[in-house]
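**Q** Here's a sequence, model it:
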Amino acid sequence: MSVPNLSQVTDSTFETEVLRGSRPTIVGFWAQWSGTARIISSAVREFADRYSDDVKCVYVNVDDDPRTPSTYGVKTLPTLLLFHNGEVQRRISGAVPKAQVEEFFQSAREELGSRD
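**A** Alright, predicted model coming up:
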């Protein structure tokens, strides 16, 4: 999942990259074997690029880094969590329509942009 505006974080980099980050951050939890994660990955990549000026977007491979998904109760793939100021603000899980993924990104930009 290599996209310029979508980078991988690990259990060891999550705190620095997400929790201590100054920007709203959407974290996508996924695994290569997950068909539903692959289904929405193109939408996530598209919106990560489109909204990159407002929202940081990263992903966690749950097979490589299981501690972070466990900490945040991620049981369904894919799961998108929106973090701001070190806390989860929103969550969506499963194979959701592309329009819902875009709405998630838009609400992150609009809602969190007004909080800074």
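**Q** tell me which residues of the helix or strand of the chain with the lowest mean pLDDT are tucked away?
**A** Across the helices and strands of the chain, mean confidence by mean pLDDT, DSSP states H and E is lowest for helix 98-113: a mean of 84. Buried positions in helix 98-113, judged by neighbour count with 16 or more other C-beta atoms under 10 Å: V101, F104, F105, A108, R109, L112. In short, each C-beta sits where N, CA and C put it, glycine included.
**Q** could I get those as CSV with distance to D64?
**A** Rendered in CSV, the data for the buried residues of helix 98-113 read as follows (distance: C-beta to C-beta, whole Å):
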residue, distance to D64
V101, 23
F104, 24
F105, 25
A108, 25
R109, 29
L112, 28
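**Q** wait, what's in contact with the most centrally placed residue in the chain?
**A** Note on the chain: the residue nearest the mean C-alpha position is V27, at 2.1 Å, using C-alpha atoms, centre = their mean. Applying C-beta atoms under 8 Å, 6 or more residues apart in numbering to V27 gives the contacts V9, V18, C57, V58, Y59, V60, L80, L81, L82, F83.
**Q** How about W30?
**A** Contact criterion C-beta under 8 Å, 6+ apart gives M1, A37, R38, S41, Y59, V60, N61, V62, L77, P78 as the residues in contact with W30.
**Q** Just to be sure, Y59 is in a strand?
**A** Yes: per DSSP: H, G, I helix; E, B strand; the rest coil, Y59 lies within a strand segment.
**Q** Could you check which helix or strand contains S42?
**A** S42 belongs to helix 35-50 when elements are defined using DSSP states H and E.
**Q** Packing partners of that helix?
**A** The criterion is 3 or more C-beta pairs under 8 Å, 6 or more residues apart in numbering; DSSP states H and E, and the helices and strands that helix 35-50 contacts are strand 25-30, strand 56-61, helix 98-113.
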